[in-house]
Structures are given as structure tokens and as C-alpha cells.
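Asker: Quick one, what's the 3D model for this:
(one chain, ligands or ions: 1)
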Amino acid sequence: MKPVRKIIFPAAGMGTRFLPATKASPKEMLTIVDKPLIQYGVEEALAADMEQIVIVTGRGKRAIEDHFDISAELEANLKKAGKEKLYKRVSHVSRMAEVVYVRQKEAKGLGHAVLCARHWIADEPFGVSLADELIISDEPAMQQLRRVYEQTGYSVLGLMQVPADQVYKYGIVAYQAEEEGLLRLTDMVEKPQPEVAPSHLAIIGRYIFTPRLMELLRDVQPGSGGEIQLTDAISALAKEEPVYGVLLDGQRFDAGNPAGFLLANAVLGLQHETYGEALRTALKARL
Ligand code: UTP
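Answerer: Numbers count the residues shown, from 1 in each chain. A predicted model of the protein is given here:
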């Protein structure tokens with residue numbers, strides 16, 4: 001079994017739910033407490049021993065490239081001003097990972113964004129992570145997936161339980177429980193009504209795929225809105241070879257919409273070792 005070394009971050013979407021904030025700056029650069037969303041995702045991937053980060057970007061996404069680039073002038077100024085701690089934080093971001101960028105010229109869907117990275121992936125297994133799904137956990141979410149990949153040698157999707165009245169927002173899986181707690185996925189339904197949902201387990205923005213997924217993606221026909229859906233390729237994959245799910249441990253925030261994003265900032269702000277106490281006091285005084 002080949003090890004998983006590479007991970008794709010699709011970040012070329014339009015971010016329409018965040019307009020006008022995302023008119024000129026990427027959704028993935030929105031800040032949770034003191035770091036942009038994409039940095040949380042990249043740190044999680046590195047903690048799961050991913051070696052190469054492939055970020056799929058589009059128009060108006062230059063800030064992501066600048067964020068992971070070395071800013072010599074800023075670093076020199078921080079050093080000169082004796083701001084050692086800040087200097088370390090800033091220089092760490094630009095040196096923590098090997099990042100490559102791929103351009104998706106038109107936002108033709110998540111599946112298409114993943115396909116844009118095919119030359120970097122070649123014939124290796126690979127991860128996919130959606131940075132706007134923020135997962136805070138003791139064991140990094142990607143590492144939870146990696147364990148199941150290393151146990152089975154097959155693709156693995158991150159899952160979480162969602163309330164019945166929320167299933168219509170997600171890709172929901174049907175599954176069979178196998179020995180050792182493995183969940184083998186038998187079907188996937190995009191945004192079902194609660195009456196027909198096969199379970200309450202939703203696919204949550206973390207994936208490890210065998211290289212076969214890339215080949216199947218090439219054959220996926222555009223669906224509604226001309227988008228190439230990742231779920232269509234996963235369904236085709238599950239017909240050919242096992243696809244597993246792992247119930248993720250951790251706090252998850254759907255930071256891709258304003259309500260989830262605000263909740264993430266509130267919860268992580270209150271838990272923050274530097275800002276938490278002051279925030280709690282200030283909130284108490286106002287509410
Ligand atoms: P989303 O649907 O959450 O992101 O896609 P979006 O399209 O930017 O947001 P809305 O719906 O307009 O508000 C999930 C992930 O897939 C990426 C997005 O950047 C996001 O990280 N994506 C989506 C692409 O890279 N390309 C696409 O064509 C579509």
C-alpha cells in the first residue's frame with residue numbers, strides 16, 4: 001500500500017454565502033480568532049504527516065499564496081522591533097509546509113477543483129480537505145482518516161452525526177458496520193429530505209482517496225449548474241472497490257456560512273488561553 005503524502009485543498013469557490021466579505025478576499029482567509037481558516041486546515045494536514053499541500057485557487061485568491069509565502073520585509077521589521085514571539089509565528093507560517101498552487105480557471109464545482117490537481121497527484125493516494133469545515137480535535141481529523149486508510153488500503157471519508165432536520169444540507173451515507181468498528185459505505189445521497197435519508201451520518205469535508213478516484217472524476221458529467229460533483233465520482237468508486245467512513249471525533253464548525261463562522265469564533269474565542277477570560281467578562285457585561 002502506498003503511503004498518503006499529498007493533500008488537496010480546494011479553495012477556488014465563489015464564497016457567495018459570505019458576500020460582500022468575499023468579493024475581493026478569499027473565504028479561506030477569513031479569520032477564526034487569530035488565524036485564517038486555511039491555516040487551521042494546513043496545520044491539521046501537517047500534524048497527520050502530509051508532506052505536500054496542493055491548494056487549488058482561482059481569481060481573487062492571491063492572498064492565500066501571500067499568506068504561505070515568506071514576507072522578508074515584515075520578518076525583518078519584527079526582528080528589528082524585538083517582537084520575537086510575533087516573528088516566530090509569522091516565519092513559521094511561511095516555512096511550515098511545501099505548498100504548490102494549481103489554478104481552477106472557472107468554478108465548475110468541487111469535483112472539478114480536485115481534478116485540476118491531478119498532475120500533482122499522479123498515481124498516488126491523496127487527501128482532500130475543505131478548509132471551511134473547521135475541526136478541532138485531540139487527534140487531527142486527517143490522522144483519524146489515515147488510520148483507517150492504513151488499516152484497509154481503501155478510500156476513507158470523514159463523517160459526523162447531524163440532527164434529522166439538518167440532513168437536507170449534506171451528503172448523507174448508507175453503510176454497513178463491519179468488524180473492528182469499520183463502516184463500509186454502500187451509497188451516498190446528496191441533500192436528502194429526512195424521510196428518505198439512509199442515515200444521519202453526513203460527509204464532512206475530509207477525504208482520503210485511492211488514485212482510482214481521479215480517473216473516475218474525468219468521466220463525471222456536469223450536473224445541475226454545470227458543476228462536476230465529487231460525490232458522483234465517490235459513488236462510482238464505491239461500486240468498484242470498498243469505500244469506508246470514519247466517525248470523526250472532535251468539535252466541528254461549518255465555517256463556510258456566517259452563522260457557523262460566528263459560532264466558531266465565539267466558541268474558540270472563549271476557549272482561547274489569551275483572549276478567553278477577557279471575552280467572557282466583556283460578554284457577561286453586555287448580555
Ligand atoms: P462550497 O460550496 O462550500 O464553497 O465548496 P463556495 O462555492 O466557495 O461557497 P458558496 O456556496 O458560494 O457560499 C466547498 C469547497 O470547495 C471549493 C470551495 O473553495 C470550498 O473550499 N470549491 C468549490 C472550489 O475550489 N471550486 C469550485 O468550483 C467549487
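Asker: Close to the ligand: what parts of this structure are there?
Answerer: The chain has residues 10-17, 27, 56, 104, 107-110, 112-113, 130-132, 256 near the ligand, with proximity defined as CB under 6 Å from any ligand atom. (Each C-beta comes from the backbone N, C-alpha and C, glycine too.)
Asker: For residue 75, what is the enclosing helix or strand?
Answerer: Residue 75 belongs to helix 72-80 when elements are defined using DSSP states H and E.
Asker: buried sites along whatever helix or strand comes next after that helix?
Answerer: Stepping forward along the backbone from helix 72-80, the first helix or strand reached (DSSP H and E) is helix 84-95. Within helix 84-95, the residues scored as buried using 16 or more other CB atoms under 10 Å are 87, 90, 91, 93, 94.
Asker: Reformat those as JSON lines; add pLDDT.
Answerer: Putting these into JSON lines (pLDDT from 0 to 100) gives the following:
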{"residue": "87", "pLDDT": "89"}
{"residue": "90", "pLDDT": "86"}
{"residue": "91", "pLDDT": "86"}
{"residue": "93", "pLDDT": "83"}
{"residue": "94", "pLDDT": "83"}
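Asker: what about the closest residue in space to residue 22 that isn't next to it in sequence, how many neighbours?
Answerer: Nearest residue to residue 22 in three dimensions, chain neighbours excluded: residue 15, at 3.4 Å (CB to CB, 6 or more residues apart in numbering). The burial metric for residue 15, expressed as a neighbour count using other CB atoms under 10 Å, is 21.
Asker: Wait, residue 15 touches residue 24, no?
Answerer: No. The pair residue 15 and residue 24 does not pass the contact test of CB atoms under 8 Å, sitting 10.8 Å apart.
Asker: What are the boundaries of the strands in the stretch 151-287 of the chain?
Answerer: 155-161, 171-177, 183-190, 201-209, 243-247, 251-254 (DSSP state E, counting those that start in this stretch).
Asker: Which residue is it, in the chain, that comes closest to the ligand?
Answerer: residue 13 (2.1 Å; CB to the nearest ligand atom).
Asker: so what's that residue up against?
Answerer: For residue 13, the contact set (CB atoms under 8 Å, 6 or more residues apart in numbering) comprises 27, 58, 107, 110, 113.
Asker: Centre of the chain to the helix or strand of the chain with the lowest mean pLDDT, how far?
Answerer: Every helix and strand in the chain was compared by mean pLDDT, DSSP states H and E; the lowest is helix 84-95, with a mean of 86. The chain centroid and the centroid of helix 84-95 are separated by 23 Å, computed with CA atoms, centre = their mean, to the nearest Å.
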